[in-house]
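Q: Okay, here's the prediction I keep looking at, along with the sequence it came from:
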Amino acid sequence: MGWSSTTFAASEGDSRPARRYIGGVDASSGPENKGRLLVVDDQRNMRATTAMLLRNEGFFVDEAASGEEALSLLAQRPYELLLTDLKMEPMDGIVLLKRALESVAGLQIIVMTAYGSIETAVEAIRSGAYDYITKPFKDGELVYRVQKALERARLISTVDSFAGEFKERHGLSALVGRSVAMRELTTRISRVAGSDATVLIEGESGTGKELVARALHALSARSKAPFVPVNCAAITESLLESELFGHAKGAFTGAVKTRRGLFEEAHGGTLFIDEVTETSGAFQSKLLRALQEHEIRRVGENASISVDVRVVAASNRDIEKDVAEKRFRQDLFYRLAVVTLKVPPLRERLEDVPLLAQHFLDRANARNRTPRRLTQAALDHLAGYAFPGNVRELENLVEQAAALAEGTELGPEDFPLKKVRGEAAGQPTSLPAGVVTLADAVTEAERRAIQVAIERLRDLGRVAEVLGVSTTTLWRKMKRLGLKTSQELPPPEAG
């Protein structure tokens, strides 16, 4: 049939105007389109009658007389639904639907058969068809099945859109940083994301452990299924089991109805258990069983429920120390730590501070519709701070400055730091003779590393490459540490 122009006149006694179809599209219906369909049947009368019925219901319909013609049309225009006969020559409906599904993602297929055997229907469904209908069929039955298939097509499209947005928001691009530590972390995330191995994320509070978990999910084959986070420290011990495993009606006071737990909510996806060390031995035992058996049991029920969930756990404590001191089950630790990811504290990657600060300011500017920008003095001021609260503290500082600053430029005065570098929370301001803070030790180590590299390489670009930082970051570090600039580099080391 191709893209010919065809006019169908209204039947005698029908007051509706004739409709003009251009390439199978009802030019008179315009915005009332309910969906785009392709009807395939080698019997011309059946094909035309079916197409007219669907067009009169407001659908855009194209027709094809063979499987080969159908595949050609599928390659030229987008369709949501393929409605095909099974008995056709030389390409039958089963072959067509298999090839159509390979070439068009999300396409829904309904097969029409005059033979109506259960074997034929089962073969079609197993091959990927959404539904089947037996000829001759009632007009209302066909329209209903088409509508349900289109609803499914649009639901899949919406899920795919959300999955794409999730990947964009929570993939590796959400992990801001160019330091060696962050590059190593993102490399490990990329390697492990495609597997179903359980992952244990370790890191201080505020380092971004949940972002790492979301990146693992976004890059995995489970990205279209739910990502379900739970913070064990925020839920009382008495409610935690019910929260994760669910409960039966009447299982305890207040359980007025049966409730699914987060394991069931995350079925097919990822369950992120944050602060897993903040749990009791009894709960750890039940969590271990769920991981080993891939099934859970609701509180108050005896029957087990199978679950397909990838578990990612996190802790801000030294979990191995907890294991050694019998506060955390060793067998559960080994079950969780199939792969371990360590998120570095911000004080160990201070070269990422300017990048992170700009990232948070860009986000604040977009949200507040403001044009604020950071001065170099502000960046140097921030880079000299130990950040005991890690990335979360930096984010709060930038958002506060963006909200309260009077001008468009943010300077050091807009970031009132409560502690100078080296005076992290709980540290004394004066130390015994011969004792230095960890931050001061790190500073001295940085100074020595840069000095040695400069003496041997004498090229700022090579020094930056070897140390794993950008030349801009290296220059700022040299300035902050009081080292000579690139214009004053010493002669290369003799010999």
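A: Happy to help now that I have it.
Q: Go through stretch 94-106 and flag the buried ones.
A: Of all the residues in stretch 94-106, those buried under the rule 16 or more other C-beta atoms under 10 Å are 94, 96-97, 99-101, 104. Just so you know, the C-beta spots here come from the backbone N, C-alpha and C atoms, and that holds for glycine as well.
Q: Now do the strands in the stretch 301-450 of the chain.
A: Along the stretch 301-450 of the chain, counting by DSSP state E, counting those that start in this stretch, strands occupy 305-306, 310-315, 339-342, 373-374, 409-410.
Q: Out of these, which gets nearest to residue 80?
A: Across the strands of the stretch 301-450 of the chain, residue 80 has its closest neighbour in strand 310-315 (31.5 Å, C-beta to C-beta).
Q: And the closest one, what does it pack against?
A: In terms of contacts (3 or more C-beta pairs under 8 Å, 6 or more residues apart in numbering; DSSP states H and E), strand 310-315 is packed against strand 199-202, helix 209-218, strand 270-274.
Q: Can you convert these into a markdown table and add a column each for mean pLDDT, distance to residue 481 and mean neighbour count?
A: What follows is the helices and strands packed on strand 310-315, written out as a markdown table (pLDDT from 0 to 100; distance: least, C-beta to C-beta, whole Å; neighbours: other C-beta atoms under 10 Å):
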| stretch | mean pLDDT | distance to residue 481 | mean neighbour count |
| --- | --- | --- | --- |
| strand 199-202 | 96 | 30 | 24 |
| helix 209-218 | 93 | 30 | 24 |
| strand 270-274 | 96 | 37 | 24 |
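Q: Was I right to think residue 463 contacts residue 457?
A: Yes: the pair formed by residue 463 and residue 457 meets the contact definition of C-beta atoms under 8 Å, at 5.2 Å.
Q: Same drill for the two, tell me which one is more crowded.
A: Neighbour count, other C-beta atoms under 10 Å: between residue 463 and residue 457, residue 463 has more, with 23 against 18.
Q: Now do that one against residue 452, distance only.
A: According to C-beta to C-beta, to the nearest Å, residue 463 stands 10 Å off from residue 452.
Q: show me what contacts residue 389?
A: Residues counted as contacts of residue 389 (C-beta atoms under 8 Å, 6 or more residues apart in numbering) are 205-206, 396.
Q: residue ranges with poor pLDDT in the chain?
A: Filtered on pLDDT under 70, the chain yields the residue ranges 1-33, 115-118, 121, 155-174, 418-442, 484-495.
Q: So for it, the centremost residue is which one?
A: Among the residues of the chain, the one closest to the centroid is residue 218, at 2.9 Å (C-alpha atoms, centre = their mean).
Q: Compare the contacts of residue 389 and tell me which is most surrounded.
A: The most crowded member of the contacts of residue 389, judged by other C-beta under 10 Å, is residue 206 (20 neighbours).
Q: The strands of the stretch 301-450 of the chain: which one's closest to residue 227?
A: strand 310-315 (9.2 Å).
Q: just so I have it, where are all the strands in the stretch 151-300 of the chain?
A: Using DSSP E, counting those that start in this stretch, strands in the stretch 151-300 of the chain cover 199-202, 227-231, 246-247, 259-260, 270-274, 295-296.
Q: Name the surrounding residues that touch the second one.
A: Think strand 227-231. Under C-beta under 8 Å, 6+ apart, the answer for strand 227-231 is 166, 170, 210, 213-214, 217-218, 243-244, 262, 265-266, 269-275.
Q: The helices and strands packed on strand 310-315 into JSON lines, with extra columns for distance to residue 307?
A: Putting the helices and strands packed on strand 310-315 into JSON lines (distance: least, C-beta to C-beta, whole Å) gives the following:
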{"stretch": "strand 199-202", "distance to residue 307": "17"}
{"stretch": "helix 209-218", "distance to residue 307": "16"}
{"stretch": "strand 270-274", "distance to residue 307": "9"}
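Q: So for residue 54, which of the ones you listed sits nearest?
A: The closest of the helices and strands packed on strand 310-315 to residue 54 is helix 209-218. By C-beta to C-beta, the value is 38.6 Å.
Q: Dump the closest one to CSV, keeping only the CA atoms.
A: Below are the C-alpha coordinates for helix 209-218, written out as CSV (Å, rounded to 0.1, in the frame of the first residue of the first chain):
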residue,chain,number,x,y,z
LYS,A,209,28.3,6.8,49.8
GLU,A,210,24.8,6.9,48.5
LEU,A,211,25.9,8.6,45.3
VAL,A,212,28.3,5.7,44.8
ALA,A,213,25.4,3.3,45.4
ARG,A,214,23.2,5.1,42.9
ALA,A,215,26.0,5.1,40.3
LEU,A,216,26.3,1.4,40.7
HIS,A,217,22.6,1.0,40.1
ALA,A,218,22.4,3.4,37.2
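Q: Between strand 270-274 and that helix, find me the angle.
A: Helix 209-218 runs at 170 degrees relative to strand 270-274, counting by axes from the mean of the first three to the mean of the last three C-alpha atoms, to 10 degrees.
Q: Show me what helix 209-218 is packed up against.
A: Against helix 209-218 (3+ C-beta pairs under 8 Å, 6+ apart) you get helix 139-170, helix 180-193, strand 199-202, strand 227-231, strand 270-274, strand 310-315.
Q: Let me see the domain layout of the protein.
A: Domain segmentation of the chain under automatic domain parsing yields 5-161, 172-344, 348-414, 438-488.
Q: For the longest one, what is the distance to the chain centroid?
A: Between the mean C-alpha location of domain 172-344 and the chain-wide mean there is a distance of 16 Å, by C-alpha atoms, centre = their mean, to the nearest Å.
Q: 24 is where my numbering starts, stick with that
A: Done: numbering now begins at 24, and the last item shifts to domain 195-367.
Q: Can you show me the helices along the stretch 324-473 of the chain?
A: Secondary structure of the stretch 324-473 of the chain (DSSP state H, counting those that start in this stretch): helices at 342-347, 353-359, 376-391, 399-406, 413-427, 461-480.
Q: hmm, back to that, now, the buried residues of stretch 117-129 that are in helices?
A: Among the buried residues of stretch 117-129, the ones falling in helices (DSSP state H) are 117, 119-120, 122-124.
Q: Columns distance to residue 274 on top of the residues you listed, output as a markdown table?
A: As requested, those are exported to a markdown table (distance: C-beta to C-beta, whole Å):
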| residue | distance to residue 274 |
| --- | --- |
| 117 | 49 |
| 119 | 52 |
| 120 | 47 |
| 122 | 51 |
| 123 | 49 |
| 124 | 44 |
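Q: which one among those residues gets closest to residue 204?
A: Lowest distance from residue 204 to these (C-beta to C-beta) belongs to residue 124, with 44.3 Å.
Q: quick revisit: out of the helices and strands packed on strand 333-338, flag the one nearest residue 428.
A: Smallest distance to residue 428 across these (C-beta to C-beta): 26.5 Å, for helix 232-241.
Q: sorry, back to before: out of the contacts of residue 412, which comes closest to residue 357?
A: Within the contacts of residue 412, the smallest distance to residue 357 is 24.6 Å, found for residue 228 (C-beta to C-beta).
Q: give the contact list for the closest one.
A: Residue 228 sits next to 339, 412-413, 415 when contact means C-beta under 8 Å, 6+ apart.
Q: do that again at 7 Å, thanks
A: Applying C-beta atoms under 7 Å, 6 or more residues apart in numbering, we find residue 228 in contact with 339, 413.
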